[in-house]
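>>> got a structure for you, letters missing:
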């Protein structure tokens, strides 16, 4: 079954390394015949949240928000690639996510976290997990932490560590399972 899984990148830094993980995961999803569009806050340049997508009067929604809403409504799951800023969620990621709500409902999410150090961004994944659940897209049980990302994946998105391919494969298998299961349930209806 082909799925649509937006890959939401969480950093806008000029020297960001998370784009490497996003490129790698997009290639892995596409190799499974899934559509995996990149949602990049550096390209979107969304303003700081003033009003959510749903709060705009008809006909006044900014184009970039309308495009994202259209993508999210047809999505089966979401894959979030996050750095760790001060043991938490990067502000650009929070801002990108906060513009929407109902568009996420009843779809699973998965978290790939990374850092330049040894912990792979896992301290950011914990508050992000709570945030994603509150938004209606609970994360799958597994994480894909990538420590020392600058050494683990090349700029082109090619892994240099054999363990990463096995870990990513299991991680994406699990996301696919949850996406298919929740997709079948959405076809039957949702509680509200």
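Perfect, thanks for sending it. A quick note: this is a predicted structure, and the numbers were derived from the prediction, not measured.
>>> hey, what's the residue nearest the centre of the chain bridged with?
By CA atoms, centre = their mean, the chain has its centre lying nearest to residue 80, at 2.0 Å. Judged by DSSP bridges, the bridge partners of residue 80 are residue 8, residue 111.
>>> and the gap between it and residue 23?
15 Å (CB to CB, to the nearest Å). Every C-beta, even on glycine, is put in place using the N, C-alpha and C of the backbone.
>>> contacts only, for residue 161.
151, 152 (CB atoms under 8 Å, 6 or more residues apart in numbering).
>>> state the phi and psi torsions of the closest residue to residue 90 other than its chain neighbours.
Spatial nearest neighbour of residue 90, chain neighbours left out: residue 10 (4.6 Å); criterion: CB to CB, 6 or more residues apart in numbering. The phi/psi pair for residue 10 (degrees, to the nearest 10) reads phi -110, psi 0.
>>> report how many residues lie close to residue 10.
When counting by other CB atoms under 10 Å, one arrives at 32 neighbours for residue 10.
>>> that one against residue 79, yeah?
No: contact criterion CB atoms under 8 Å: residue 10 and residue 79 do not qualify, at 11.2 Å.
>>> now the strands for the chain?
Counting by DSSP state E, the chain has strands at residues 7-9, 38-39, 78-82, 109-114, 139-146.
>>> possible to save these as a markdown table with distance to residue 59 and mean pLDDT?
A markdown table is the format used below for those (distance: least, CB to CB, whole Å; pLDDT from 0 to 100):
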| stretch | distance to residue 59 | mean pLDDT |
| --- | --- | --- |
| strand 7-9 | 27 | 98 |
| strand 38-39 | 24 | 98 |
| strand 78-82 | 27 | 98 |
| strand 109-114 | 30 | 98 |
| strand 139-146 | 35 | 98 |
